[in-house]
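Undergrad: Quick one, what's the 3D model for this:
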Amino acid sequence: MSIRGDYDPDNIFAQILRGDIPCYKVYEDNHVLAFMDLFPQAPGHTLVIPKTAGRNLLDTPDEVLANALPRVKMIALGIEKAFSPDGIIVTQFNGEPAGQSVFHLHFHIIPRFTDQPLDRHGRGKPADTEVLHAQAQSIAAAIKHLETK
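TA: Residues are numbered from 1 along each chain as shown. This is a model prediction of the structure:
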């Protein structure tokens, strides 16, 4: 199968977008949904997904990307404000050999702290739900603060 394989409308992110599966929402508008990664590589690990179906960056229309990327930046700024990390990773995978495990375009925003190692992508232990809820609220409040400036 090529990198640009068929889009599965029942992938987990499509189910989250439809409301079939709950998430710890950080931000939502007409273009994207951002929520906490259930298997975070670091505290505050957030996912941003466009609401338009697309398997990955290579088959997503440019206008969807043009709407998504400023929101990825805004959410990263909210994470920076909420967590004060030493750095932030923003990453996106295209195809299984590249590390993509859910075939709906998504961006990972991962706060990095100098003395804290990253858990492995998608292979760590699930985070405590109360912790995810508190982190989502903290990031959402930081984003609201940024939007009012």
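Undergrad: what residue ranges in this structure score low on pLDDT?
TA: Counting by pLDDT under 70, the chain shows low-confidence ranges at 1-2, 124.
Undergrad: all helices for it, in order.
TA: Secondary structure of the chain (DSSP state H): helices at 12-18, 62-83, 129-147.
Undergrad: Closest to the centroid, which residue in the chain?
TA: Leu47 (0.9 Å; C-alpha atoms, centre = their mean).
Undergrad: on that earlier part again, nearest to Met36, out of the helices of the chain?
TA: Set against Met36 and scored by C-beta to C-beta, the helices of the chain come closest in helix 129-147, at 4.4 Å. Backbone N, C-alpha and C define where each C-beta goes, glycine included.
Undergrad: distance of Gly122 from Leu38?
TA: Distance from Gly122 to Leu38, counting by C-beta to C-beta, to the nearest Å: 10 Å.
Undergrad: just to revisit the earlier point, among the helices of the chain, which comes closest to Val26?
TA: Comparing the helices of the chain against Val26 with C-beta to C-beta, the closest turns out to be helix 129-147 (4.8 Å).
Undergrad: Packing partners of that closest one?
TA: strand 25-28, strand 32-36, helix 62-83 (3 or more C-beta pairs under 8 Å, 6 or more residues apart in numbering; DSSP states H and E).
Undergrad: again, only using 10 Å
TA: Contacts defined by 3 or more C-beta pairs under 10 Å, 6 or more residues apart in numbering; DSSP states H and E place helix 129-147 against strand 25-28, strand 32-36, strand 46-50, helix 62-83, strand 107-112.
Undergrad: buried stuff in the fourth one?
TA: Translated: helix 62-83. Using 16 or more other C-beta atoms under 10 Å as the test for burial, helix 62-83 gives 64, 67-68, 71-72, 74-80, 82-83.
Undergrad: In JSON lines: these, plus distance to Pro117.
TA: Formatted as JSON lines, these follow (distance: C-beta to C-beta, whole Å):
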{"residue": "Val64", "distance to Pro117": "34"}
{"residue": "Asn67", "distance to Pro117": "34"}
{"residue": "Ala68", "distance to Pro117": "29"}
{"residue": "Arg71", "distance to Pro117": "29"}
{"residue": "Val72", "distance to Pro117": "24"}
{"residue": "Met74", "distance to Pro117": "28"}
{"residue": "Ile75", "distance to Pro117": "23"}
{"residue": "Ala76", "distance to Pro117": "21"}
{"residue": "Leu77", "distance to Pro117": "25"}
{"residue": "Gly78", "distance to Pro117": "24"}
{"residue": "Ile79", "distance to Pro117": "19"}
{"residue": "Glu80", "distance to Pro117": "20"}
{"residue": "Ala82", "distance to Pro117": "21"}
{"residue": "Phe83", "distance to Pro117": "16"}
